[in-house]
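> When you get a sec, could you give me coordinates for this:
(chains A, B, C and D)
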2 protein chains.
Amino acid sequence: MKKVKRTTIYDIAAKLGITASSVSRALNNSSQVNEKTKELIMKTADELNYKRNILASNLRKGQSKTIGVVVPRINQNFFSNVIAGIEEMTYQKGYNLIICQSGENHDKEIQCVNTLINQHVDCIIISVSADSYDYQHLQNVLDHGIELIQFDRVAEELETLKVINDNVQASFEAVSHLIEGGYKRIGLLEGPQNLSIFKQRKEGYLKALQLYNVPVIEELIVANAWTKELGAEGTRKLLNLPQPPDAIFASTSDFSALGVLEVANMMGIKVPSELGICGYANESFSEITSPSITTIDQFSVYMGNTVANLFFQETANTDTTAKPKIISIKPELIIRGSTLRNGKA
Amino acid sequence: MKKVKRTTIYDIAAKLGITASSVSRALNNSSQVNEKTKELIMKTADELNYKRNILASNLRKGQSKTIGVVVPRINQNFFSNVIAGIEEMTYQKGYNLIICQSGENHDKEIQCVNTLINQHVDCIIISVSADSYDYQHLQNVLDHGIELIQFDRVAEELETLKVINDNVQASFEAVSHLIEGGYKRIGLLEGPQNLSIFKQRKEGYLKALQLYNVPVIEELIVANAWTKELGAEGTRKLLNLPQPPDAIFASTSDFSALGVLEVANMMGIKVPSELGICGYANESFSEITSPSITTIDQFSVYMGNTVANLFFQETANTDTTAKPKIISIKPELIIRGSTLRNGKA
DNA sequence: TTTAAAATTACAATCGATTGCGTAAAATAT
DNA sequence: ATATTTTACGCAATCGATTGTAATTTTAAA
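Just a heads-up that it's a prediction; the model follows:
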């Protein structure tokens, strides 16, 4: 591709025998320039196919009008939805989005964040990777005066803006639903407990058991079962216990719930009559398995909207004394076939 | 967020009593600067937490090291996979990705493209929206000397780099598979014919019928059935015909195939014995419906890799006489339960 | 018509990094 | 010790847009 000399405000100015500053002002619709010349400038800009060089503009203005997003995986339903939601809002405001994926890897996450700092983005939106153990790189973002917003998977100890799901409440409702449905021995597939979201989901599980006076049975809790395969493995272990569970809450994701379902099918265990299953995240497939899987919808696109709006509010807000906001979105329990036995809810 | 004055090469220079130019050269590892001072500069840069201002750098160098991507929807499996694939490659090379979604809307697509031109991106990667009718905006990209790569949904008349699927071949294989399985009246759910991908899929369908001497029956071809709902609607129409089809090729997507499956279930028509179903795109859910849906895998992540690599090759390539490359990826037919009757393939 | 006020436009510095060119200092050769 | 080549660094222009201030023109008031 040959490089084309692109027209600048100087080209326009030269053509009209005026100064670049007037051109700049005209293009920014300043009141300091005469209507007629303004029109003239606009017309010639158009004729010369002028496009403002954002690099120069932003350099001068000391901003980038760019927001960086770091997620574990772009092509994961939840995250791609959140990103879509962010994009909707930022696009309207003329902001650009730089997307990075950390691949659930701490080092790559650090790299991504540093790249974004280099880019002088105005804000970094991040959902930390599963194996992140320290948060020096995030502190570094703040030290550079860059707005930092965490969503979903957040480092709680860091005082930043956060948009989270009320995982405790959602899990509580899910497990309550199971108990009310008559399930008595409820297994839990839990995720890496260094991620607060998984800790919270466990908390909700325990809370529900406690409220209904259901004893907590340690052997029904399987650690680190957060993929379909690990979920299946954990399920096999659970169902082979002398006293197997009669329901499993796959708190990590619908993928692990799917693993549960497949193992149950393979072992000839009927869902939901002999085993209730509840997943998390309302992945599109959860609706079309048979039976369909009860799950929790996180309103992911809306979450993206919220994150973006939070940034815009914050930049508009000059009050620096305000504490960092935390917005909690209440997820919704979607009750489906996998937990509906005897036709009762 | 209070603005922090960020350290520049001048700060480093001042601290060391040297010139900014030396600092710049040192940071770029130029051989023109003494090893010792280079080390010293590096150390101070680190101490002062210096991050290069990419805006300034790129402005000076006349490049942006940024690639723009425009897709109809970010949160659609195929596209998010392609984007993930693009990101993998571009990240390695230190390029940034700006992602936009056109929302299947021609005007928004034009806006997106213009925004990216404004950004002075080095390359625009696009999959055009369904209702795009003219391509002036894409021509405009080329006129600005910006590399343009189209993928999947491409405007054929535009001479640009393209990465496509061999839709004809894939559809041909899918329909051949149906015919060989003994299906005799094969319905087609087709997509908007202004998109070449859908035209090609129809072409493959017709080609297979012709090869096997199966007559083409116009009433078995349903136009514009490219969502789950439209697919369901079309299916209802087809199955209520005096002579209904015994198989349906949902060439638009697995979503419409899912619509077919649901209607069949509702009408008590057995799949695959009474009705064969083939979808397109290998969405994750296609594997877990019952029966699972035969479909076509497009290697979407790989497609993203290919697109990105094509860009890097092209920029490395100084030969301007070469014709724009078109890379065709051969999709793979994934045979599953929905087309396997009597246990025969 | 003169003068003050208001509206336009020009000038020049600035944002931060890069780079061609020039020169001083150091290293090597004579 | 002097001449020549290298090496290392400084100077200053540049990328394109923005903006405070100064200069000029226009308009309105006296």
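> List the residues that contact A:L211.
A:S176 (C-beta atoms under 8 Å, 6 or more residues apart in numbering or on different chains). C-betas here are computed from N, CA, C, even on glycine.
> Please read off the pLDDT at it from the model.
pLDDT recorded at A:L211 is 97.
> Check the one 10 residues further on too.
The model reports A:I221 with a pLDDT of 97.
> how deep is A:L27 tucked in, by neighbour count?
18 (other C-beta atoms under 10 Å in any protein chain shown).
> A:I117 and B:Y50 touch, don't they?
No: A:I117 lies out of contact with B:Y50 (C-beta atoms under 8 Å); the separation is 10.7 Å.
> Check the burial of the residue lying closest to A:A223 once chain neighbours are set aside by counting its neighbours.
In this structure, A:A223 finds its nearest non-sequential neighbour in A:E190, 5.8 Å apart by C-beta to C-beta, 6 or more residues apart in numbering or on different chains. Neighbour count for A:E190, taken as other C-beta under 10 Å: 22.
> What backbone torsions are found at whichever residue of the stretch 151-300 of chain A sits closest to chain B?
Closest to chain B within the stretch 151-300 of chain A is A:F285: 3.7 Å, counting by C-beta to the nearest C-beta. Backbone dihedrals for A:F285, given as degrees, to the nearest 10, come out at phi -70, psi -20.
> And the closest residue in space to it that isn't next to it in sequence, how far from DNA strand D?
The shortest distance from A:F285 to any non-neighbouring residue, by C-beta to C-beta, 6+ apart, is to B:F285 (3.7 Å). B:F285 is 47 Å from DNA strand D, where distance means C-beta to the nearest atom of the strand, to the nearest Å.
> same thing with A:L55?
7 Å.
> how about the strands in the stretch 101-250 of chain A?
A:123-126, A:147-151, A:161-165, A:186-189, A:221-222, A:247-250 (DSSP state E, counting those that start in this stretch).
> Could you tell me which residues of chain A lie near DNA strand D?
A:6, A:8-10, A:20-21, A:24-25, A:27-28, A:50, A:52-53, A:56-57, A:59-61 (C-beta under 7 Å from any atom of the strand).
> Report the secondary structure state of the nearest residue to A:E159 once chain neighbours are set aside.
Excluding the flanking residues, the one nearest A:E159 by C-beta to C-beta, 6+ apart is A:P324, at 5.3 Å. Under DSSP: H, G, I helix; E, B strand; the rest coil, A:P324 falls in the coil class.
> A:P324: neighbour count?
When neighbours are counted by other C-beta under 10 Å, A:P324 comes out with 13.
> what's the answer for A:G268, then?
There are 7 residues near A:G268, going by other C-beta under 10 Å.
> Give the residue spans of the stretch 1-150 of chain A that score low on pLDDT.
A:1-4 (pLDDT under 70).
> and the residue of the stretch 101-250 of chain A nearest chain B?
For the stretch 101-250 of chain A, C-beta to the nearest C-beta, closest residue to chain B: A:G145, 3.3 Å.
> Could I get the phi/psi values of that residue?
Dihedral angles (degrees, to the nearest 10) for A:G145: phi 70, psi 20.
> wait, isn't A:G145 in contact with B:N49?
No: using C-beta under 8 Å, A:G145 is not in contact with B:N49, being 11.2 Å away.
> A:S132: what's it in contact with?
With C-beta under 8 Å, 6+ apart, A:S132 has these contacts: A:106, A:109, A:155, A:194.
> Which pLDDT value goes with the last one?
According to the prediction, A:N194 has pLDDT 87.
> Helices of the stretch 51-200 of chain A, residue ranges please.
Assigned by DSSP state H, counting those that start in this stretch, the stretch 51-200 of chain A shows helices spanning A:54-61, A:77-92, A:106-118, A:136-143, A:167-180, A:196-211.
> Mind giving me the packing neighbours of the first one?
Other elements packing on helix A:54-61 under the criterion 3 or more C-beta pairs under 8 Å, 6 or more residues apart in numbering or on different chains; DSSP states H and E are helix B:54-61.
> ok, is stretch A:296-309 in contact with chain B or not?
Yes: residues of stretch A:296-309 are located near chain B by C-beta under 8 Å from any C-beta of the partner chain, namely A:V301.
> quick check: mean pLDDT across that stretch?
Mean predicted confidence for stretch A:296-309 is 97.
> List the buried residues in it.
A:296-301, A:303-309 (16 or more other C-beta atoms under 10 Å in any protein chain shown).
> mind listing which of those residues are in helices?
Counted as lying in helices by DSSP state H, out of the buried residues of stretch A:296-309, are A:300-301, A:303-309.
> Let me have the helices of the stretch 51-200 of chain A in JSON lines, adding distance to DNA strand C as columns.
Output for the helices of the stretch 51-200 of chain A, formatted as JSON lines (distance: least, C-beta to the nearest atom of the strand, whole Å):
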{"stretch": "helix A:54-61", "distance to DNA strand C": "3"}
{"stretch": "helix A:77-92", "distance to DNA strand C": "24"}
{"stretch": "helix A:106-118", "distance to DNA strand C": "10"}
{"stretch": "helix A:136-143", "distance to DNA strand C": "16"}
{"stretch": "helix A:167-180", "distance to DNA strand C": "41"}
{"stretch": "helix A:196-211", "distance to DNA strand C": "36"}
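> Kindly format the C-alpha coordinates of stretch A:296-316 as PDB.
Only the C-alpha atoms of stretch A:296-316 are listed here, as PDB (Å, rounded to 0.1, in the frame of the first residue of the first chain):
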ATOM      1  CA  ILE A 296     -28.300 -17.400  36.700                       C
ATOM      2  CA  ASP A 297     -28.400 -14.500  34.300                       C
ATOM      3  CA  GLN A 298     -25.800 -11.800  34.900                       C
ATOM      4  CA  PHE A 299     -27.100  -9.200  32.500                       C
ATOM      5  CA  SER A 300     -23.700  -9.100  30.900                       C
ATOM      6  CA  VAL A 301     -24.500  -6.500  28.200                       C
ATOM      7  CA  TYR A 302     -26.100  -4.300  30.700                       C
ATOM      8  CA  MET A 303     -23.000  -4.700  32.900                       C
ATOM      9  CA  GLY A 304     -20.900  -3.400  30.100                       C
ATOM     10  CA  ASN A 305     -23.200  -0.400  29.700                       C
ATOM     11  CA  THR A 306     -22.900   0.200  33.400                       C
ATOM     12  CA  VAL A 307     -19.100   0.000  33.400                       C
ATOM     13  CA  ALA A 308     -18.900   2.500  30.600                       C
ATOM     14  CA  ASN A 309     -21.400   4.900  32.100                       C
ATOM     15  CA  LEU A 310     -19.600   4.800  35.400                       C
ATOM     16  CA  PHE A 311     -16.400   6.000  33.700                       C
ATOM     17  CA  PHE A 312     -18.200   8.900  32.000                       C
ATOM     18  CA  GLN A 313     -19.900   9.900  35.300                       C
ATOM     19  CA  GLU A 314     -16.600   9.700  37.100                       C
ATOM     20  CA  THR A 315     -14.800  11.900  34.600                       C
ATOM     21  CA  ALA A 316     -17.600  14.400  34.700                       C
END
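> what's the closest non-adjacent residue to A:T306?
A:V163 (5.2 Å).
> ok, back up a step: pull the most distant pair out of the ones in helices among the buried residues of stretch A:296-309.
A:S300 and A:N309 (15.0 Å; C-beta to C-beta).
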